[in-house]
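# got a predicted model here, sequence first, then my questions.
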Amino acid sequence: MEKLSQILWRERELLDSLLFKLEMEQLVLGSGRTRWLARAAKEVALVLEMLRETEILRSVAADEAAESIGLSSNPSLRSLAEAVDEPWRSILLDHKEAFETVSREITAMAETNRELLTVGLRSAREALLSLEQVAQGYAPDGAAVMTETVPRLVDRSF
């Protein structure tokens, strides 16, 4: 159980790091300054890779712990906690509760970041379209009536 608990602590630390990296990504997205966006996304991906590796270690350790107390392989934290005595029961349930909490926070943060990226992409697309077309009015269905414009010179060096 001790080996499993150590791996669970490591996984919790990585989940906290992921939440931090997602929040940093959100701050970059929200600022409208995209200079660090690629780096922020790369750091999120690195933490996710470490989490995948740790999940494998946790799975192996959980199977070993389950075997030592007579449970079948691939046990849930709850089933492990229910099968052991204190203090391991409380420790495993604490890990389970912490995972649930941080998972909800990560899901919410990732969704917000996805929305910010979508808004940014839409704004960029509209800006590019404005270079190519000009709205001449609106059709009866409310859609903008666009016409082609003359070519424009765009300085791409910035």
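Cool, got the structure.
# hey, where'd the strands end up in the protein?
With strands called from DSSP state E, the chain shows them at 133-138, 144-148.
# let me see the mean pLDDT of the longest one.
Read that as strand 133-138. Taken as a whole, strand 133-138 carries a mean pLDDT of 59.
# name the nearest residue to A81, ignoring sequence neighbours.
Using C-beta to C-beta, 6 or more residues apart in numbering and skipping residues adjacent in sequence, the residue nearest A81 is L92, 3.8 Å away. Placement of C-beta: from N, CA and C, glycine included.
# contacting residues for that neighbour?
Contacts for L92 (C-beta atoms under 8 Å, 6 or more residues apart in numbering) come out as M1, S5, L8, L77, L80, A81, V84.
# which residue is nearest the centroid of this structure?
A110 (4.4 Å; C-alpha atoms, centre = their mean).
# which pLDDT does the model give that residue?
A110 is given a pLDDT of 93.
# assess the claim that it and L19 are in contact.
No. Look at A110 against L19 with C-beta atoms under 8 Å: they stay out of range, at 9.6 Å.
# would you map the helices across this protein?
2-31, 37-68, 77-83, 88-132 (DSSP state H).
# packing partners of the third one?
Of the remaining helices and strands, those touching helix 77-83 by 3 or more C-beta pairs under 8 Å, 6 or more residues apart in numbering; DSSP states H and E are helix 37-68, helix 88-132.
# now A83: how far from V47?
Counting by C-beta to C-beta, to the nearest Å, the gap from A83 to V47 is 31 Å.
# quick check: which ranges of the chain have low pLDDT?
Along the chain, segments meeting pLDDT under 70 span 120-140, 142-158.
# distance check, the closest residue to N74 other than its chain neighbours against S72.
Leaving aside its sequence neighbours, N74 sits nearest to D63 (C-beta to C-beta, 6+ apart; 6.7 Å). Noted for D63: a distance of 9 Å to S72, by C-beta to C-beta.
# neighbour-wise, which of the two wins?
D63 (16 against 9; other C-beta atoms under 10 Å).
# nearest to D141, of the helices of the chain?
helix 88-132 (18.6 Å; C-beta to C-beta).
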